[in-house]
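Engineer: Got a predicted structure plus its sequence, pasted below:
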Amino acid sequence: MNALSPAQRIEFSSIEKRTPLPAPDGARVILWPVFALEVWDIGRAMARTVLPPPQHQPLIPDVPNWTWHEYGMRVGFWRLKRMFQDARRFPRRTGRASSCGRCSRWRYGTSAARWRARCCRRRSTRR
């Protein structure tokens, strides 16, 4: 299977050549929140880090970086969910398929709140 480059799929257009897209009610800024709900294994190197590892060698377990992620999933996510629910706004959630399958509380909580979901596949099906 040959992958198409972006130029083959759609014509390039720079922002200064596009016609303006009006926002509802004359708004000047549009906010489109997307929440990445992920499961990270503390026994492996973190996919994204805030604090760089000493001497550029991954720490295992990477407790400093794992804790900010864990706090966000256990506390921060639920506070933001309530804020959007109170404002009657419906953001999008995204995550790897393994995250969506393992975290039924997040999946149920966002589905019940009418959030749109997008989960990536577990593995590529290309041959």
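Structural biologist: Cool, the structure landed. Numbers count the residues shown, from 1 in each chain.
Engineer: roughly how far apart are residue 65 and residue 49?
Structural biologist: Between residue 65 and residue 49 the distance is 4 Å, computed by C-beta to C-beta, to the nearest Å. Any C-beta I mention is one placed from the backbone N, CA and C, and that applies to glycine too.
Engineer: who has more neighbours, the two?
Structural biologist: residue 65 (22 against 16; other C-beta atoms under 10 Å).
Engineer: Distance of that one relative to residue 80?
Structural biologist: 20 Å.
Engineer: Residue 42 touches residue 65, doesn't it?
Structural biologist: No. In this structure, residue 42 is not within contact of residue 65 by C-beta atoms under 8 Å, at 9.7 Å.
Engineer: Let me know the distance separating residue 3 from residue 77.
Structural biologist: 34 Å.
Engineer: These two: which has the busier surroundings?
Structural biologist: residue 77 (18 against 7).
Engineer: got the contact list for the more buried one?
Structural biologist: 35, 37, 106 (C-beta atoms under 8 Å, 6 or more residues apart in numbering).
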